[in-house]
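Trainee: this is the structure alone, sequence omitted:
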């Protein structure tokens, strides 16, 4: 323990000195927080200023749609659908993996796996995309075919199944795998920070391991889990290259997860259309970026509200 | 005591890491060659500096060869080319961000006037890269496929959905065509390749392909894949697929022979060059333009009509005389026999004919004068 | 690694009060009074209670119910009956320690049988086997033990299957990158740039330099800002309005699409340096926009977990708040912070889209962050794959090689970070 006494104590007029140090330190943390404010404001101003002309764009720059909303809606739909699938898959998996690492696995294995999973956050998004398009997609083709044959009555699996596996479900899976390391790493760290005494108390009362986790670990880490999932969501919503590479993207609204005609996402659409966009077309794309920004804002806001409500009365 | 030691170690480690990073030296193949940022020492060539271009990704392979050739001859020069796409290239060129740009599609009136303003005169437009677009397919048991324009349009428009459709069987009586769905793969991104391909469909079968000449795929049929390599891998990974991609990237995939007049012609550089020869010049591109309205519906024997032409944009004059020299030198190399051969080797493009080279030389001579 | 943390596994096991063991260690059989004097836990006949370890664990299931369900159930009832008088049993019946193994074998066999007879693939086989296991073991536990234990076993199974499922794509991905990237590795690959290289050969030296410089600068920009903001949020502003606003804005910031960050940096630098600006530093700024929220979020969570008792103890000693933070709070949370920062670095090191926009692409080495284009590994991988040249295989090979190199670089950074974290973390008395 690095007790403060081991370092040279402050010179005699401790009171005055202390206050200066505190003021400086506090000030610098506030400046840092202020920088975030400025950066975010900068991004927001940039997006808004560049995005506004899109509202007046004509059909030529909106792929034939008459209004910007009509243009952006299918993309928004695709973005939300892909992110939803990704989180649906990634969250339970990530919590499971994090629990396995923090509470189930032998320490040596846990360390190793934790390390490997951290590394997967470093795999370039391009590589996820290439892997998704060249390995995962083709491997999933039989599954998609099976789904569309046997569960085709559900709109989700209406098909016809894609011949190359470049479907919404593949994109969701790739996003889930991309979000997994982030969610896992943070959850793992939080789970392992649960006060040991709480855990032992639960066990001593005769709780099974799962009951201990449910009663001691989860309440303690709820806010952290939500933060982790939000970070994962951020990645899933904003992921550009991987989706662009994996998805057979169209600007449509479709619930079909296994067909090759899949709704595109905002970020992927920006990446695909930006190089050839000129004039107002660029503004249109940036405006879709603004939409994504606002959506993330809304999703985060509601998630925070929910957590705040459920945490009321829960003493840390 | 221990804490102070540790505290001292922290900045020490940081400094160490930083110094390691900073003292790192130049790449092995660049030593004695030049420094990359281009303060260039005298190595026989009078040219030095950095030349930046951006634009069509279709030219990237050829551009790689040109850059290498030009930099080897002028060791003080660094040429960069961002394959950001034609639109981005034009935009950056017009805003003065790059000295030259590559573009698959010609400038519209607005861009032309903006470019003329930036350059002080009409921009120089040279067809730098002419390459056939192959129609690639992956069908089990079929390695020879002949299609006419209308059938091709039907496949991509979604009107022909089975490989054993009578229209396909008609031109391939001997092929063992399966009773399987056609997966038609197209570019997901806005691209010059799509533009040229749909221009061909529009020219030969306007009643089947009713969507005109567009850069972005207009209909929700088939599957979408990004970039040329994306289309190629989608066709390769899928079953009973067909797509279109720059012929140089088609690899081992089957390539459709397209009906021209009475014959069926496969993609080749010579066949592509032939189309350019018989094509008229495009109107309204300014006085320094060598732009062509490709004759997609040609019946010329031996010509392959699905061709991508990519152009280079440059200015007559630059604010910086050194940059003008660089652009001039680079373009001169580019259209020289050596440069054309390098591109043909590296990218499978069709070398320009002598007449075209002569005309281009005339335009390039104007730079910096 | 908080100083108050005690590892269960390292504690000496003395009596029977040891908490739940991994399933492999779970003892079989019922313990009767007398296994240890002074039983600390008065487990009622209906609770599972902590199981026994040590000498008991090695004993074969003498009185234990046979592995078949009904028998076990009977045994349990008998035990319950005997619990009230005479030989009081403090433990409910447990499944034998080899029960999971047996169930796994049976499940595998069932899966294999089905797969063989119906001609399924490997995936279907694995899925079916796992499902059989996930149903059978809890069911068995339900019959022999009780509902709570069954739920526990079910969750254990689910946790481990989540683990296994997560590993499949990760292993596949890693294998893909390693098997495709490793052949590209050579001395030339790491010491050459792509300058004047057409076709075969060339290397990624310029991209490595670019990635290190740009990511390093991004880290230099982001870590202080992120960490200080996290400190502000946790230590100074907690619960107050400005902190709540900042907190929320950080959440919003995590949602900035990477390409938008690039466009933003590009627009920002265009204002100062004119149109068409390309510089590595711009890339660092774009990456910082993506990195800061990750740093803030992970640091904040870690700081929050530092027990208040530590801070209070420090204040009680008259230590000013800033020294408390620097000397007590930060070191306590160090391991978590390092993990978070490394995660953030890893997250942005692989970012492609913003660097395409602002850092551009070049074939040559550029050591200057503040002038001209700079190649980075993800951009290199992207362009090499997308425009591989003719013939394509060399470019594609270089692309995978670059991706593998990037992963290796981040891996070594990660190792270094953990090492430093361990070095600077407080001794935890273990």
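Mentor: In hand now; what should we look at? Here the structure is a predicted model, which is why all the values come from computation and not from measurement. Residues are numbered from 1 along each chain as shown, chains lettered A, B, ... in the order given.

Trainee: for the rest of this, base every contact and every neighbour count on C-alpha atoms.
Mentor: OK.

Trainee: any part of the one helix or strand residue C:167 maps to near chain A?
Mentor: Secondary structure assignment for residue C:167, by DSSP states H and E: helix C:147-181. Yes: residues of helix C:147-181 contacting chain A under CA under 8 Å from any CA of the partner chain: C:148-149, C:151-152, C:155-156, C:158-160, C:162-163, C:165-166, C:169-170, C:173, C:176-177.

Trainee: wait, doesn't residue A:140 sit right on residue A:165?
Mentor: Yes: using CA atoms under 8 Å, residue A:140 is in contact with residue A:165, at 6.0 Å.

Trainee: tell me which of the two has more neighbours.
Mentor: A count of neighbours by other CA atoms under 10 Å in any protein chain shown puts residue A:165 above the other of residue A:140 and residue A:165, at 34 against 21.

Trainee: go ahead and confirm residue A:55 touches residue A:67.
Mentor: Yes: applying CA under 8 Å, one finds residue A:55 in contact with residue A:67, separated by 7.3 Å.

Trainee: residues of the helix or strand hosting residue C:334 that come out buried?
Mentor: Remark: residue C:334 resides in helix C:330-349, with elements defined by DSSP H and E. By 16 or more other CA atoms under 10 Å in any protein chain shown, the buried positions in helix C:330-349 come out as C:330-349.

Trainee: same question, stretch C:264-275
Mentor: C:264, C:265, C:266, C:267, C:268, C:269, C:270, C:275.

Trainee: confidence score at the fifth one?
Mentor: Looking at residue C:268, its pLDDT reads 86.

Trainee: list the contacts for residue C:362?
Mentor: Shown in contact with residue C:362 (CA atoms under 8 Å, 6 or more residues apart in numbering or on different chains): B:80, B:81, B:82, C:373, C:374, C:375.

Trainee: quick one, phi/psi of it?
Mentor: phi -150, psi 160 (degrees, to the nearest 10).

Trainee: so which residues of the stretch 101-250 of chain C form helices?
Mentor: C:122-144, C:147-181, C:187-191, C:205-231, C:241-254 (DSSP state H, counting those that start in this stretch).

Trainee: what does the stretch 251-400 of chain C give?
Mentor: Remark: helices assigned in the stretch 251-400 of chain C by DSSP H, counting those that start in this stretch are C:258-273, C:280-304, C:308-316, C:321-324, C:330-349, C:353-358, C:377-386, C:392-424.

Trainee: CSV for those, including distance to chain A?
Mentor: Shown next, in CSV, are the helices of the stretch 251-400 of chain C (distance: least, CA to the nearest CA, whole Å):
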stretch, distance to chain A
helix C:258-273, 6
helix C:280-304, 6
helix C:308-316, 8
helix C:321-324, 5
helix C:330-349, 4
helix C:353-358, 7
helix C:377-386, 6
helix C:392-424, 6
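
Trainee: can you tell me which helices and strands whatever helix or strand residue A:38 lives in packs against?
Mentor: Element membership of residue A:38 [criterion: DSSP H and E] is helix A:14-55. In terms of contacts (3 or more CA pairs under 8 Å, 6 or more residues apart in numbering or on different chains; DSSP states H and E), helix A:14-55 is packed against helix A:280-311, helix C:205-231, helix C:241-254, helix C:258-273, helix C:321-324.

Trainee: could you export the buried residues of stretch C:264-275 as TSV, including distance to chain B?
Mentor: Compiled in TSV, those are given as follows (distance: CA to the nearest CA, whole Å):
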residue	distance to chain B
C:264	16
C:265	16
C:266	12
C:267	13
C:268	15
C:269	12
C:270	10
C:275	5
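
Trainee: surely residue B:350 and residue B:133 touch.
Mentor: No: in this structure, residue B:350 is not within contact of residue B:133 by CA under 8 Å, at 11.8 Å.
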